[in-house]
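Enquirer: Have a look at this prediction, sequence included:
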Amino acid sequence: MSKNKNKTQVIIPQQPQREKLNSLTELALGIQTQQNQISQPHTAEANLRRYMISQNRMLLSYLYVEIGICQTLIDQPVDDALNKMPEIVSEQLKPEDVETVKQYIQEHNWFETFKQAEKWKRLYGGSGLFINTPQNPLSELRIDRLNKDTPIELYALDRWELCYQVSGEVSVNNLNVGDALTDTPYNIYGQQVHKTRVLQFKGKEAPSILKLQLMGWGMSEVERLLRSLNSFLKNQDVIFELLDEAKVDVYGINGFSEALMTAEGTDRITKQVQLVNQLKSYLNAIVRDKDDEFDQKTMTFAGLSDMHEQNRMAIAADLKMPITKLWGVSAAGFNSGEDDIENYNSMLEAEIRIKSRQNLIMLVKIACQVTLGFIPEDIDLVFPPLRILSAEQEELVKEKQFNRVLQAYSAGLLSEEQFIDAANKANLFPIDIKIDKKGILARIKDKMAAAQPQIPQAKPKDKK
């Protein structure tokens, strides 16, 4: 008894019993609910196409030609951002010199060619402005050798026409794939061209892991639009198919099934239906046997307009463009659309005007060298305001400008010549005013003095 008490009992640890899963339990655990699908990366991964259509030249070309909304998203922002030639500002240029340079650019259609290069950049992700001169295309462009007699032509080419080749491997010294390691990276229809003869336009930059696929160029604007564009086109296709089935005539012909058993009966039924349709379209009446039946089914399109409107909003959101610009539809409700236009103008300023500024200044420098014989060192461009004022608002602004300039002249801060120059530059009058012998401002003073009421002065009393 005591011996048994002193013996130590060896305790064997029990391993937890694992529950065997049957087929029903495994099925239940394997099913993902809607809640955990939202938090999983597989949902987003299943909606990716994993290739860029910026590499598909033919697809982008046909989209631009056949789909009207694609033309609008490519052309409209460029036409709005560059609707007018910007003002050339330089302390080294006189007003008549500035007009000479602007006239040369407009006469040779340089600004319109520049805009076309911007459009190809948005469509294909990259483009270039080729400057063709009599100089050797393999050599560096010498702007200082250009003059009035030098023939110069500009060509707007897309990235595929330029055949841009980046030589060398990506390393620490060449992190930017867009920088060519050779002086002649372009091949324009079989002709090697020096890099200084092409003003390069790049689209939106891709992430580093995808940047090598673009060969030094950017992404197309259609890249981010493809998903919402497919929804819009699918909705249009559905509406187009439903229009054919919107109204269906249903004929109930007595003995129809028995007549189809023979070829003669089938021909008789076919002729009967054709005759009824002809009479209906000609006489607007239905002629049938008293035992036959006729019914007409019409299909409703409830909900399609809402889907169409949502697709429009999705496209506008992807492009950061207001619906009024894309579709010509005015703002609904209490919204006047001014906030949408302001956001749109901010996009134009950031994505088009700022990025195209350097290349446009280069064109102005070439025009200055050709027309004036020198290039100013302080050339700058001032773009016109994007916000378009109404006629009433423009007159109100001009009136305030005139009052401000007139007050400065009355206070002696401006001379007569400065007053007239300020009025002419701001286009405060329908024609430019000039100084004559008497002076126009002197006559203005006389008229202002004559318009003021005269205070009668008291007559002095006669002294006795």
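Expert: The structure has been received and is ready for your questions.
Enquirer: Grab the nearest non-local neighbour of residue 321.
Expert: Using CB to CB, 6 or more residues apart in numbering and skipping residues adjacent in sequence, the residue nearest residue 321 is residue 344, 5.8 Å away. Placement of C-beta: from N, CA and C, glycine included.
Enquirer: Flag the shaky bits of the stretch 51-200 of the chain, pLDDT-wise.
Expert: The model of the stretch 51-200 of the chain has pLDDT under 70 over residues 165-181.
Enquirer: Which stretches in it count as strands?
Expert: Ranges of strands within the stretch 51-200 of the chain are 87-89, 126-132, 153-158, 186-188, 191-193, 198-202, based on DSSP state E, counting those that start in this stretch.
Enquirer: just these: most buried one?
Expert: For the strands of the stretch 51-200 of the chain, the largest average neighbour count (mean count of other CB atoms under 10 Å) is found in strand 126-132, namely a mean of 23.
Enquirer: Residue 63 is nearest to which of the strands of the stretch 51-200 of the chain?
Expert: Residue 63 lies closest, by CB to CB, to one member of the strands of the stretch 51-200 of the chain: strand 153-158, at 13.9 Å.
Enquirer: what's that closest one packed up against?
Expert: Using 3 or more CB pairs under 8 Å, 6 or more residues apart in numbering; DSSP states H and E, the elements in contact with strand 153-158 are helix 110-124, strand 126-132.
Enquirer: quick one: which of these is nearest residue 338?
Expert: Closest among the helices and strands packed on strand 153-158, once you apply CB to CB, is helix 110-124, at 25.5 Å.
Enquirer: Now residue 251: phi and psi?
Expert: Main-chain dihedrals, residue 251, degrees, to the nearest 10: phi -110, psi 130.
Enquirer: Can you tell me what sits against stretch 196-206?
Expert: The contact list for stretch 196-206, computed with CB atoms under 8 Å, 6 or more residues apart in numbering, reads 52, 54, 117-118, 120-122, 124-133, 137, 140-141, 162, 178, 186, 211, 213-214, 217-221, 356, 359, 362-363.
Enquirer: before we move on, the earlier item: which stretch among the strands of the stretch 51-200 of the chain comes nearest residue 107?
Expert: Counting by CB to CB, residue 107 lies closest to strand 153-158 out of those; the figure is 12.7 Å.
Enquirer: Could I get the strands of the stretch 51-200 of the chain in CSV, plus columns for distance to residue 386?
Expert: CSV is the format used below for the strands of the stretch 51-200 of the chain (distance: least, CB to CB, whole Å):
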stretch, distance to residue 386
strand 87-89, 14
strand 126-132, 23
strand 153-158, 23
strand 186-188, 33
strand 191-193, 35
strand 198-202, 21
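Enquirer: To residue 377, which of these lies closest?
Expert: Taking CB to CB, strand 87-89 is the member of these nearest to residue 377, at 12.6 Å.
Enquirer: Pull the residues that contact the closest one.
Expert: Applying CB under 8 Å, 6+ apart, the contact partners of strand 87-89 are 98, 101-102, 364, 379-384.
Enquirer: Could you rerun that using 7 Å?
Expert: With contact meaning CB atoms under 7 Å, 6 or more residues apart in numbering, strand 87-89 is reached by 98, 101-102, 364, 379-382.
Enquirer: Filter those residues down to the buried ones.
Expert: 98, 101-102, 364, 379, 381 (16 or more other CB atoms under 10 Å).
Enquirer: Please report the distance of the residue nearest to residue 203 when sequence neighbours are not counted from residue 309.
Expert: Nearest non-adjacent residue to residue 203, counting by CB to CB, 6+ apart: residue 218, 2.8 Å away. As for residue 218, its distance to residue 309 is 32 Å (criterion: CB to CB, to the nearest Å).
Enquirer: which one of those two has more residues nearby?
Expert: Shown here are residue 218 and residue 309; by other CB atoms under 10 Å, residue 218 has more neighbours (23 against 14).
Enquirer: Verify the stated contact: that one with residue 126.
Expert: Yes. Counting by CB atoms under 7 Å, residue 126 is a contact partner of residue 218 at 5.6 Å.
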